[in-house]
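> my questions concern the predicted model and sequence given below.
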Amino acid sequence: GVGDGPLPSLGEAGGSNKGDVHSSTVWCLGVAPGGVRFLSGSEDGSMAIWKCYTANERKRLFPNERAVSSTDGLWSCVGVLPNAHSGYAILSIDCAPSRAGHGRIVSGGGDNSIHIYREEMPCEDSKESNGSGMNFASIGPKFAYDAVAVDAHTGDVNCVKWHPKDGRCLISAGDDGAVKVWKYTRE
């Protein structure tokens, strides 16, 4: 039955920047719908954006990065929002489902607030190069505040989730014992 026997072994999938992205406890993770990005939220108030590179991208972009197998990809941190909740802990992150049609990210934290972020698409003119022909605009996403609900709960916002089908609806839960339903409208 369920729960019987030992758990299968998990191998580490590899990634750079391990241990040097957040300076404190990582409380939450949010996986983007396509599965090639995830976000991590920390006690230090930072939110990191991670990207999965294919094996070919790893070999081309990160030639010195060690891999167990030639078919292994690489998870790498591509951006950090250092004060996503004004230095308070980030306790929950969720990425809007694909069918929401807007790709927003929601987070809840120790500042009692809910923040919604949107990804800003870089302009062709703003691409920078490091001399290798690789432009940072294609790697590092830029996020901006889209909306914020200050004092969404009386106490920490412990959990935020988008509705799986309706991108205008999200829910939150907090230290105050309340579960709230929110309506999000794009401006």
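Here it is on my side, so go on. What you are looking at is a predicted structure, and each value in this text was computed from that prediction instead of being measured.
> residue ranges for the helices of this structure, please.
For the chain, the helices defined by DSSP state H occupy 55-61.
> okay, now the unreliable bits of it?
1-19, 121-140, 187 (pLDDT under 70).
> what sits against the residue nearest to the spatial centre of the chain?
With distances taken as Cα atoms, centre = their mean, the residue of the chain nearest its centroid is residue 39 (1.8 Å). Shown in contact with residue 39 (Cβ atoms under 8 Å, 6 or more residues apart in numbering): 29-30, 32, 47-50, 93, 95, 105. C-betas here are computed from N, CA, C, even on glycine.
> same question for residue 98.
Contacts of residue 98 (Cβ under 8 Å, 6+ apart): 33-34.
> cool, residue 182 as well?
114, 149, 152, 169-172.
> show me the beta-bridge partners of it.
residue 170 (DSSP bridges).
> ok, now how distant is it from residue 150?
Separation of residue 182 from residue 150 (Cβ to Cβ, to the nearest Å): 13 Å.
> quick check: closest non-adjacent residue to residue 71.
Distances taken as Cβ to Cβ, 6 or more residues apart in numbering put residue 55 closest to residue 71, at 5.1 Å, once the chain neighbours are dropped.
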